[in-house]
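**Student:** Give me coordinates for this.
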Amino acid sequence: MSDLVEGSAEWIKAEQAKVLSGRGASAGSGFGRWALIGCGIPAAIILGLVVIVVVWPKDHSPRVGGAIVACENAVETMLKSPSTARFNSAASGDNPWTIVGSVDSENSFGATVRADYQCTVSGTRATVNFLE
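**Tutor:** Next comes the predicted model:
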């Protein structure tokens, strides 16, 4: 094979055969393999850290939207006609959340009444106080 011209089709086929048979200089050993490992390990570590930072929850408390929903659900359990409830709520704080708002709903006589409330949400527990 020493009479093959470098770069010719026959020479390329011979080099490919060497690599596939494990006899070539780049057949899974040497610099290429270690470069792949050297780049692959840091890339895997970086990807793992990104997943942890982005996906892993900061804490197990509800976010502001979840706190408002928990509060409104607690208020609904106290209403005569929860299906007619229309809420206007705002939240402040960060576990515990304080939600202040009003709810319009029908009473026992079918009349729409407004009630103002304040709710404290800590974890998944909501405590409701109606304001006068």
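**Student:** could I get the helix or strand containing residue 69 in CSV with only the CA atoms?
**Tutor:** Take DSSP states H and E as the rule and residue 69 turns out to sit in helix 64-76. The C-alpha trace of helix 64-76 is given here as CSV (Å, rounded to 0.1, in the frame of the first residue of the first chain):
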residue,chain,number,x,y,z
VAL,A,64,-47.9,34.5,44.0
GLY,A,65,-50.5,33.1,41.5
GLY,A,66,-50.8,29.9,43.6
ALA,A,67,-51.2,31.9,46.8
ILE,A,68,-54.0,34.0,45.2
VAL,A,69,-55.8,30.9,44.0
ALA,A,70,-55.4,29.2,47.4
CYS,A,71,-56.9,32.3,49.1
GLU,A,72,-59.8,32.6,46.6
ASN,A,73,-60.6,28.9,47.0
ALA,A,74,-60.7,29.3,50.8
VAL,A,75,-63.0,32.3,50.4
GLU,A,76,-65.3,30.4,48.0
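**Student:** Return the set of buried residues in it.
**Tutor:** The neighbour-count check on helix 64-76 (16 or more other CB atoms under 10 Å) flags 64, 67-72, 74-76 as buried. No exception for glycine: its C-beta is placed from N, CA and C like everyone else's.
**Student:** Now do that helix: distance to the chain's middle.
**Tutor:** 21 Å (CA atoms, centre = their mean, to the nearest Å).
**Student:** Adjust the sequence numbering to begin at 10 for everything that follows.
**Tutor:** Noted, 10 is the first residue going forward, which turns the last one into helix 73-85.
**Student:** other SSEs contacting the helix or strand following it?
**Tutor:** For helix 73-85, the following helix or strand on the C-terminal side (DSSP H and E) is strand 95-102. Strand 95-102 makes packing contacts with helix 73-85, strand 106-115 when contacts are defined by 3 or more CB pairs under 8 Å, 6 or more residues apart in numbering; DSSP states H and E.
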